[in-house]
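Colleague: Here is a sequence with its predicted model. Questions after.
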Amino acid sequence: MTDTHHATHHPSVKHERLHALDALRALAMMLGVWLHMAMPYTQGIPKGFWPADEADNTLIGLSVLLIHSWRMELFFLLSGFFTAMLVLRSGAASTATHRTKRIVFPFLLAMVTLGSACAAIWGVGYANMFGGNTADWVRGWILGGFGIGQGAVPGRLWHFWFLYTLIYLIAIGLIAHALFAKPLAPLNRALSRAIGWCFRSWLGPFVLSVPLGLMLILIQRPNGPDPATTLVPDLRSLSFYALPFFAGWYLYAAREAISTLAKRFWWPLTIAAALAFPVHMVSLGASMQQIGDNPAGLTPAMITACLSRGLLTVSISLGLIGLFTLALATPGPRLARAIRYFSDSSYWVYLAHMPLVAAMSLWIFDPLGWHPLIEMLAGVTTAMLLLMGSYELFVRYTPIGTLLNGKRTRAKHELKPASAPAAAGGSEHQASPPPPAAVPPRLS
């Protein structure tokens, strides 16, 4: 795999910084705050799934359905793209080391620390919803997440499932690259050309949407696969997200097609998404009703929901790639620094937001009884302010920030002249270590 003209390190490759894709990846991460703040107000979320129990709100539910239809697929596509970029620039071994530092280590630490915080919040929430001793609930949730006690699970993944899935996909990609890059070089080039054509042709989005729709039909999940919940690999989720991940991987060799997409097709893709969304919404509702009546059957409504979901996912994802490329391909120095800051902080925001958002919805907004939209906006605003503040004060220039994004140094005007350090070390894009968690250049 990854025969991007050369399957090994190519020192002449320009280390351009892809600001547009950096910003888009960061947006996908940041939207996790909105989605999880929306959980208590979303119809169809079972009681007990979230520690707070609120009234449903149709508008909030529609926003969740729309964002959920493309966000993680786009994230994995960008992750595959940036992983292929690292392999070309630095080789498979260096990429494996880099991803271990930026993804595996943060994942393990987050599972122990932030995962335990989530478990404690859920324990309090369950005590409020179902009664019983709060301390027993909290203890049970924390120990259960580590495989101890009644109802224990082999490692509860919480919202870190995307990192866990990403680790598997990167490992598969690197192993396949090591074994088959040279023997399958013609096939790799053909796949890259095919992906590039899909980005340049108006028929491309329809072609790309078919595998996603067929996979959803196969797993009978018209609204996307359930995320992995434990350390036991979920083959359905892994197989589904492998499609966008490896599409992004092969896209890197044909990345010039992105500029064509930006110039010609982002607005028709917006129209396609606008048409696909109501079809998906109506057919999804009908399919869920029919699934309840006949759990084993594939109904016309489910097939329609799956295929329209595939088109919706591809249309929005490619449309956003085109739009962001058009707007941010060559930002000025100040905007470029802002994008980099936004991208770096998005990793921390996503990792740390879940216990904060859950606690806020349980202890602050649940008792207030405000209108759901007001609670949502207040909650998202408050959470983002706290998360961004904590990033700046406690993460960016600390060992935590180094773990997530590579070492960052303060601007010269923030330091005493004698203490100003040398330039920071390298990232996927340029001179400083890559970003984090998502897995692209600066991970996310």
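Modeller: Happy to help now that I have it.

Colleague: what about the nearest residue to residue 109 once chain neighbours are set aside, how many residues close to it?
Modeller: Leaving aside its sequence neighbours, residue 109 sits nearest to residue 403 (CB to CB, 6 or more residues apart in numbering; 7.7 Å). Backbone N, C-alpha and C define where each C-beta goes, glycine included. Residues within reach of residue 403, counting by other CB atoms under 10 Å, total 18.

Colleague: Just confirm residue 403 is within a helix.
Modeller: Yes. Judged by DSSP: H, G, I helix; E, B strand; the rest coil, residue 403 forms part of a helix.

Colleague: Contact partners for it?
Modeller: If a contact means CB atoms under 8 Å, 6 or more residues apart in numbering, then residue 403 has 101, 102, 105, 106, 109, 436 as its contacts.

Colleague: among those, who's most crowded?
Modeller: Busiest of the contacts of residue 403 [other CB under 10 Å] is residue 436, holding 30 neighbours.

Colleague: what pLDDT does that one get?
Modeller: For residue 436, the model assigns a pLDDT of 34.

Colleague: Show me the shaky parts of this structure.
Modeller: 1-16, 47, 53-54, 150-151, 289-297, 366-367, 411-444 (pLDDT under 70).

Colleague: and with 50 instead?
Modeller: 4-13, 293-296, 413, 416-427, 429-444 (pLDDT under 50).

Colleague: For stretch 232-247, what is the distance to the chain centroid?
Modeller: 13 Å (CA atoms, centre = their mean, to the nearest Å).

Colleague: and the helix or strand hosting residue 208, what does it pack onto?
Modeller: Under the criterion of DSSP states H and E, residue 208 resides in helix 204-219. The elements that helix 204-219 packs onto, with contact taken as 3 or more CB pairs under 8 Å, 6 or more residues apart in numbering; DSSP states H and E, are helix 185-200, helix 235-251, helix 300-328.

Colleague: Residue 374: which of those helices is closest?
Modeller: helix 300-328 (27.3 Å; CB to CB).

Colleague: Could you check that closest one and say which residues are buried?
Modeller: Going by neighbour count (16 or more other CB atoms under 10 Å), the buried part of helix 300-328 is 301-325, 328.

Colleague: Stretch 393-405 too?
Modeller: Buried-residue list, stretch 393-405, by 16+ other CB under 10 Å: 395, 396, 400, 401, 402, 403, 404, 405.

Colleague: Over to stretch 165-177?
Modeller: So, applying 16+ other CB under 10 Å, buried residues of stretch 165-177: 165, 166, 167, 168, 169, 170, 173, 174, 176, 177.

Colleague: Could you do stretch 268-286 as well?
Modeller: 269, 270, 272, 273, 276, 277, 279, 280, 281, 283, 284, 286.

Colleague: Closest one of these to residue 257?
Modeller: For those, the nearest to residue 257 is residue 269 (13.8 Å; CB to CB).

Colleague: Contact partners for that closest one?
Modeller: Counting by CB under 8 Å, 6+ apart, residue 269 has contacts 205, 315, 316, 318, 319, 322.

Colleague: can you put those in TSV and add distance to residue 333?
Modeller: Conversion of the contacts of residue 269 to TSV gives the following (distance: CB to CB, whole Å):
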residue	distance to residue 333
205	34
315	33
316	30
318	29
319	28
322	24
